[in-house]
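Student: heads up, no residue letters with this:
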């Protein structure tokens, strides 16, 4: 509903919509200088950004309930940037205050445990690379299975 409302506001304001109707169209990148080696580059910044010549975006399906597909065809390498990782949710993306959020571990454990985000951050950090795939990626194959696709 929010994306749809943004489109209504954009149309009412006379702003152009993107080809997919998901918001205002991005402005064209600035023209590069004739010889970029003769000019000073951009200053440092607090947050990195992509070049204006590369604008990958997820493909959203649905609004509150739905998913957004990662643009794998536009990426190279094996690591998907976090802002382009696929999404799947059934009740929208929650807005959570990390200072008030807790994690409850219970069920098949010897003793239940509740941790705050600050407590979780105190644990040693480990980086591991894993393959994650949305279980919905095969849904079309299961709806109308083809003999050559089934064992």
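Tutor: Thanks, I have it. This one's a predicted model, so the numbers in the text were calculated from it and none came from an experiment. Residues are numbered from 1 along each chain as shown.
Student: just give me the neighbour total for residue 66.
Tutor: By other CB atoms under 10 Å, the residues close to residue 66 number 13. (C-beta placed from N, C-alpha, C; glycine too.)
Student: surely it is in contact with residue 86?
Tutor: No: the criterion here is CB atoms under 8 Å, and residue 66 misses it with residue 86 at 11.2 Å.
Student: quick one: the helices in the protein?
Tutor: 2-12, 117-121, 139-143 (DSSP state H).
Student: give me the mean pLDDT for the last one.
Tutor: Averaging the model's pLDDT scores along helix 139-143 yields 66.
Student: again, but for the second one
Tutor: Throughout helix 117-121, pLDDT has a mean value of 96.
Student: one more: the first one?
Tutor: Across helix 2-12, pLDDT averages out at 41.
Student: quick check: chain neighbours aside, which residue is closest to residue 101?
Tutor: Computed as CB to CB, 6 or more residues apart in numbering, the closest residue to residue 101 that is not its neighbour in sequence is residue 117, at 5.5 Å.
Student: so that neighbour touches residue 97, yeah?
Tutor: No: counting by CB under 8 Å, residue 117 stays clear of residue 97, with 9.5 Å between them.
Student: higher neighbour count, those two?
Tutor: Taking other CB under 10 Å, residue 117 and residue 97 do not tie; residue 117 has more neighbours (14 against 7).
Student: and the more buried one, what does it touch?
Tutor: 98, 99, 101, 102, 103 (CB atoms under 8 Å, 6 or more residues apart in numbering).
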